[in-house]
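1. structure of the sequence below:
(chains A and B)
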Amino acid sequence: MSGKTVHIGCGAGFAGDRWDAAVPIVATLATRDGPRYLMYETLAERTLALAQQAKIEDPSKGYSPYLERILRPVLAQAKAAGIRVVSNFGAANPTAGARRILEMAKEEGIAGLKVAVVEGDDLTTVMSEGDIRGHKAVEGLAMPEGRMVAANVYLGAQAIADALAMGADVVVVGRCADPALALGPLLHEHGWSLDDLDRVAAGTMTGHLLECGAQVTGGYFADPGYKDVPDFGHVGFPIAEVEADGTVTITKADNTGGLVSHRTVKEQLLYEMHDPANYLTPDVTLDITGVEIAEVGPDRVRITGAKGKQQPPTLKATVSFEGGWLGEGEITYAGPNARRRAELAIDVLRTRVRDLGTNWPLRFDLIGTVSTFDGDGGDLRAASDWDADGEYRVRMATKGPDKQLAQWIADEVLSLYCSGPAGGGGVRHRIAPQITTASILVDRAKVTASARLVEENA
Amino acid sequence: MTDTSTRRVLRVPLHEVAHGRTGDKGNRVNISLIPYRDEAFPYLREQVTEAAVKKHFAAKGASTVTRYELPTFPAFNFVIDDVLEGGVNGALNLDTHGKSFAFHLLAMEVDMPEDFVLHPEKGMR
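-> Coordinates of the predicted model:
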């Protein structure tokens, strides 16, 4: 193999991922040669809307609330070993995130850390709310009502590569396509052009395999007796080794549990994919139908043959709105005749909520029969007989615009303690503000992504 | 598919033949279906059709099922529309992402030569 190998490890696959997953990644990368990167994916669809609200309340906030917890344990070793960090943990405020990282570097005694931000994902800076709402929502949902709280476009990889060319040790991005967190370093290190569609496809596939962390190393895969994963409690996070020709090898951090097999790779390759011949990203349309997947060593899988087609003419954006209040409550019935007592509890709840005079939608689950596979109408549950004795948990959920009413409805579950069927226990009830989102497709010409270095006190 | 061998054919849940994972976008999920034995692929193609999957997810309100075939993996990818009752936005279901739905698909029963079944002793006939 000619040319250098780029190593990219992934230390987080979503906002709530293991806080210390990057520690073995950085320890492993520190023993390898050549360009080495650590990426974190921390931004779900609604995470960014919550960050936007945090920024409105405090302009020094709005980056990922997990930034410090996941980065601090590895920042000094990464800098010392020359491992560069790329993440979307900038969320709604990459500049504030970058400043916090510079402060952290000072606290940790790290000298000379260069931090860059990538900007341009905030659609509200280039488009009015009316223009944004004027777009048609895709993916089978209508444009929601309610106050708009955020609109962010998925940026591509070029501005990340630009930030690395400026010498950044840490690149702080807001919303970008998740695979761009890996493609950016690959464009920079291998000198790939965005016109080199098959290489860009390989880099995008690499990012897609890494972006969910342990989902390619045995996480979300284990199924005892069918798909067993060794030392699962210590599941290691993935590392990709990418050659200049686009050959990708997926492996994982040294001295960890978990598994990299052709099966873990296949499950993750198809994760959140619709047409496998046309996976749309800002940088390329990826076709994985011809890839070859080979186990080339213990926990080492090589993937070749990704094909690239012209990038789509539009960029996807997520628009977030205030979405009212969810109210829910649960109570358990166990032992003799539990099912009929639980069903009576559902009848009582229906009566009580109707008496409140609301027409909010209600859903009842009887956990222990069939619940999550059933529709709101409960057709599957009604179609089967269930044991009268046993252990059943009633769950009620509702949603509507008014916080007070959401609370009153949820409180009806609590009041079953004294006024419901015999022997109910273990009530949990809560209300929670909701954020609804829609996806829209926007004109590329409206969006400009750019990179800049952030100075400590600028 | 005509099976000319003398192997027994068992009625089993897909879980004995294949594995898969759900992903979601909006009010739509995709579910991958990856056989443990490559030779099971044509049997799955014949039985796990778009119509059969739509029927299997009827209680969830599935409107359209599209099946993509990846014969060289081999694997299938099913895209199921309108199955999330509003998706993470509006659904009142506990599993608003539909993350558990792959295992609903894996509960679907198929007829399969016993060689392609992980635990033939669990076969239903």
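2. contacts only, for the residue lying closest to B:Arg21 once chain neighbours are set aside.
-> Once flanking residues are discounted, B:Arg21 sits nearest to A:Glu267: 4.5 Å by C-beta to C-beta, 6 or more residues apart in numbering or on different chains. Heads up, the C-betas are built off the backbone N, CA and C, glycines and all. Listed by C-beta atoms under 8 Å, 6 or more residues apart in numbering or on different chains, the contact set of A:Glu267 reads A:Gln215, A:Tyr220, A:Phe221, B:His19, B:Gly20, B:Arg21, B:Ser32, B:Ile34.
3. now these: which count as buried?
-> Buried members of the contacts of A:Glu267, counted by 16 or more other C-beta atoms under 10 Å in any protein chain shown: A:Gln215, A:Tyr220, A:Phe221, B:His19, B:Gly20, B:Arg21, B:Ser32, B:Ile34.
4. enumerate every residue touching B:Gly90.
-> By C-beta under 8 Å, 6+ apart, the neighbours of B:Gly90 are A:Gly323, A:Lys399, A:Thr436.
5. what about the second one, distance to A:Glu328?
-> So that's A:Lys399. Separation of A:Lys399 from A:Glu328 (C-beta to C-beta, to the nearest Å): 9 Å.
6. neighbours of A:Ala294, just the number please.
-> When counting by other C-beta atoms under 10 Å in any protein chain shown, one arrives at 12 neighbours for A:Ala294.
7. with A:Leu181 instead?
-> The burial count for A:Leu181: 27, using other C-beta under 10 Å.
8. that one contacts A:Glu41, correct?
-> Yes - taking contacts as C-beta atoms under 8 Å, A:Leu181 lies within contact range of A:Glu41: 6.2 Å.
9. so what sits against both of those two?
-> In contact with both A:Leu181 and A:Glu41: A:Ser87, A:Asn88, A:Glu211, using C-beta under 8 Å, 6+ apart.
10. got the residues of chain B near chain A?
-> B:15, B:19-21, B:23-28, B:30, B:32, B:34, B:59-61, B:66, B:68, B:70, B:72-73, B:75, B:77, B:79, B:81-82, B:85-90, B:92-95, B:100-101, B:104, B:118 (C-beta under 8 Å from any C-beta of the partner chain).
11. and if we set it to 7 Å?
-> Counting by C-beta under 7 Å from any C-beta of the partner chain, chain B comes close to chain A at B:19, B:21, B:23, B:25-28, B:30, B:32, B:34, B:59-61, B:68, B:70, B:72-73, B:75, B:77, B:79, B:81-82, B:85, B:87, B:89-90, B:92-95, B:100, B:104, B:118.
12. who touches the residue of the stretch 1-150 of chain A found nearest chain B in this structure?
-> Of all residues in the stretch 1-150 of chain A, A:Glu139 sits closest to chain B, at 2.9 Å by C-beta to the nearest C-beta. Applying C-beta atoms under 7 Å, 6 or more residues apart in numbering or on different chains, one finds that A:Glu139 lies in contact with A:Ser439, B:Lys25, B:Gly26, B:Asn27, B:Arg28.
13. quick one: contacts for the closest residue to it other than its chain neighbours?
-> Excluding its sequence neighbours, the residue lying closest to A:Glu139 (C-beta to C-beta, 6+ apart) is B:Gly26, at 2.9 Å. Contacts for B:Gly26 were tallied using C-beta under 7 Å, 6+ apart; they are A:Glu139, A:Gly140, A:Leu141, A:Ser439, B:Gly87.
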